[in-house]
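> Here is a sequence together with a model predicted from it:
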Amino acid sequence: MTRTWKQGLIGACCAVLSVACGDVPADPAEARDSTRQARQDALAALGRVEVVDVGKDGTPRFIRGRLGTADTALVSLRAGDALAPALRAIAPVFGLRAEELTVRSSRVDDLGFTHIRYDQTRQGTRVIGGELVLHVNTAGLVYAANGSARGAGEPATLARLPIDDVKRAALEGLDTLVVEGEPRFVYFLGAEGTLASAWEVTRAGTREDAPARDRVYVDAASGRVLDVQPLIHSAMNRRIHSANNQWTTPGTLRRIELGGATGDNHVDVNYDHVGTTYACYETIFGRDSFDDRGATITSTVHYGSAYVNAYWDGIQIVFGDGDGVNSGQLGLDLDVVSHEITHAVTQYESGLVYRNESGALNESLSDIAAAICESWTRGGAIDADVWKIGEDIWTPNIGGDALRYMDSPTRDGSSRDYYPERYTGTADNGGVHWNSGIQNLVFKLLVTGGTHPRGKSPVNVTGVGMNRAAQTFYFAATNYYTSTTTMSQAKAYTIQAAADRYDASVVNAVRDAWSAAGVP
């Protein structure tokens, strides 16, 4: 196990003082930019620092080294106060002032490391898409900082549309959705580092005959939709309800914690699977429910009529009865239950946005948890069934198949298993289910070892076993991933998580597993 930052400097491009890292533009005109120069000066002031990842605008997204110190007696009690001096030095590296970052959460992991998440603000208003995480070891050393927070210029205009126009823009062309509550004024940080004044609108209803609930960000001046972030992810104090084959939740309460069996198989087996998932997280990761604070887990079964789906809606998990052809009752499968509860875990940790690469990582973390919990319930098995998702309920009349296959993702006919061949269109929220196969395969290869199932890469991965792979991915997902993490960043973060916990053999195995799947 390694706990010092020096042992975490693994194979990335180095920036020592003002030496530029690979992606930092070297154009003289850009070098004269005062904001860019200020970032470089702040980086140099920190001393010997490694720049692991850089945004297109030249702002670091992941740095590590000796970034400052904190009073260890205060870190766990008042993280914001304890980290204030270090934050004043680190924030300018990201083009920010410390006053523009507010503590969202602080957690101490099983190594005794503390991870503090900050939300970016501007003049007291939340900047959507801007977040920073500081990482502190047991000696009080701030050894890493990562995130998407970065300084940006004033929005092009501060003009604001009337609220009614904002609502119309959020609902354009969607007759089955309505606005919930009142829009909230925010700033929106785009992928290119541009800042826009925006309204956050929550809309809910149905889409393609399925429940839908989204956060929509509308440009406050033009009415253009900047982003749509789905909140429904199609996933101990238990409360199991029945929707009685209607389309409303939570429905009729049928079973509570310690309550006796009801005689309804879907209710009772779902109750057991929710409990198994809770126990899996508690035993393996020391986690108390999806929020790590003992939250009640609310579940609804018998949702709709012949509904072939399950989901987490931001509040509870929901399971259809299936149509008997494509699927059976979805709440009867431990994989499906663990998958959906893990969407809740992700919501309370990194908040991975459910679209494009971050959404694929979100989906994959849920599949990974399903494999971990199935293996755990079967005494550590890592046979073929562990790598199948939903095999207990999928196509009941066809034996041996599954919804997804983590060991051979393309077997389902739509998933991808090699990053250069990833889906880049707009369907499936930008390929959240299809591209999840990439990280799924990475995890599987990390556990068992081996090569790419279709020979796409010559890399031969050395397996590290289920426990070390599970701890590495959970540690990275809860302490390093942010809402907009990409696959290449996930590679860097899981390598860092392995360096935090294990020796070089595990670090190398993590790197090799991602490389086998073609992730740069």
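Nice, thanks for sending it over.

> Tell me how far the strand or helix carrying residue 215 lies from the chain's centre.
In the assignment (DSSP states H and E), residue 215 maps to strand 210-219. Centre-to-centre, strand 210-219 and its host chain are 18 Å apart (CA atoms, centre = their mean, to the nearest Å).

> From the contact counts, what lies against that strand?
Applying 3 or more CB pairs under 8 Å, 6 or more residues apart in numbering; DSSP states H and E, one finds that strand 210-219 makes contact with helix 163-171, strand 177-189, strand 195-207, strand 225-230. Yep, even glycine has a C-beta here, placed from its N, CA and C like the rest.

> one more time with 7 Å, if that's ok
Here strand 210-219 touches helix 163-171, strand 195-207, strand 225-230, going by 3 or more CB pairs under 7 Å, 6 or more residues apart in numbering; DSSP states H and E.

> Which of those sits closest to residue 470?
Among those, strand 225-230 comes nearest to residue 470, with 26.9 Å by CB to CB.

> Relative to that closest one, what are the paired strands and their orientations?
The strands beside strand 225-230 in its sheet (DSSP bridges) come out as strand 210-219 (antiparallel).

> give the contact list for the residue positioned nearest the centre of the chain.
Geometric centre of the chain, nearest residue: residue 352, 3.4 Å, by CA atoms, centre = their mean. By CB atoms under 7 Å, 6 or more residues apart in numbering, the contact set of residue 352 is 346, 358, 359, 361, 362, 481, 483, 485.

> do that again at 6 Å, thanks
Neighbouring residues of residue 352 by CB atoms under 6 Å, 6 or more residues apart in numbering: 346, 358, 361, 362, 483.

> hang on, the first one in a strand?
No. Read with DSSP: H, G, I helix; E, B strand; the rest coil, residue 346 is helix and lies in no strand.

> isn't it right up against residue 364?
No. Look at residue 346 against residue 364 with CB atoms under 6 Å: they stay out of range, at 10.2 Å.

> ok, those two, which is more surrounded?
Taking other CB atoms under 10 Å, residue 346 and residue 364 do not tie; residue 364 has more neighbours (29 against 25).

> Could you tell me what pLDDT the model assigned to that one?
We have a pLDDT of 98 for residue 364.

> Doesn't it lie inside a strand?
No. Counting by three-state DSSP, residue 364 is not part of a strand but helix.

> The chain should start at 4 in everything you say after this.
All set: I'll call the first residue 4, so the last point we hit is now residue 367.

> Apart from its neighbours in sequence, what residue is nearest residue 240?
residue 299 (4.3 Å; CB to CB, 6 or more residues apart in numbering).

> Quick check on that neighbour: phi, psi?
Main-chain torsions, residue 299, degrees, to the nearest 10: phi -60, psi 140.

> same check, this time on residue 64
phi -120, psi -10.

> Tally up the residues packed near it, please.
Here the number of neighbours of residue 64 (other CB under 10 Å) works out to 24.

> Roughly how far does residue 163 sit from residue 189?
As judged by CB to CB, to the nearest Å, residue 163 and residue 189 stand 12 Å apart.

> who has more neighbours, the two?
Between residue 163 and residue 189, counted using other CB under 10 Å, the more crowded position is residue 189 (20 against 15).

> is the more buried one in a bridge, and if so with what?
residue 201.

> which residues touch it?
Residue 189 makes contact with 129, 131, 201, 203, according to CB under 6 Å, 6+ apart.

> ditto for residue 121
Going by CB under 6 Å, 6+ apart, the list of residues near residue 121 reads 104, 106, 135.

> same check, this time on residue 284
residue 290.

> does it sit in a helix, a strand or a coil?
Going by three-state DSSP, the secondary structure assigned to residue 284 is helix.

> Give me the distance between it and residue 321.
Using CB to CB, we find residue 284 at a distance of 20 Å from residue 321.

> Reformat the contacts of residue 189 as a markdown table; add distance to residue 100 and pLDDT.
A markdown table is the format used below for those (distance: CB to CB, whole Å; pLDDT from 0 to 100):
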| residue | distance to residue 100 | pLDDT |
| --- | --- | --- |
| 129 | 16 | 95 |
| 131 | 19 | 94 |
| 201 | 22 | 94 |
| 203 | 24 | 96 |
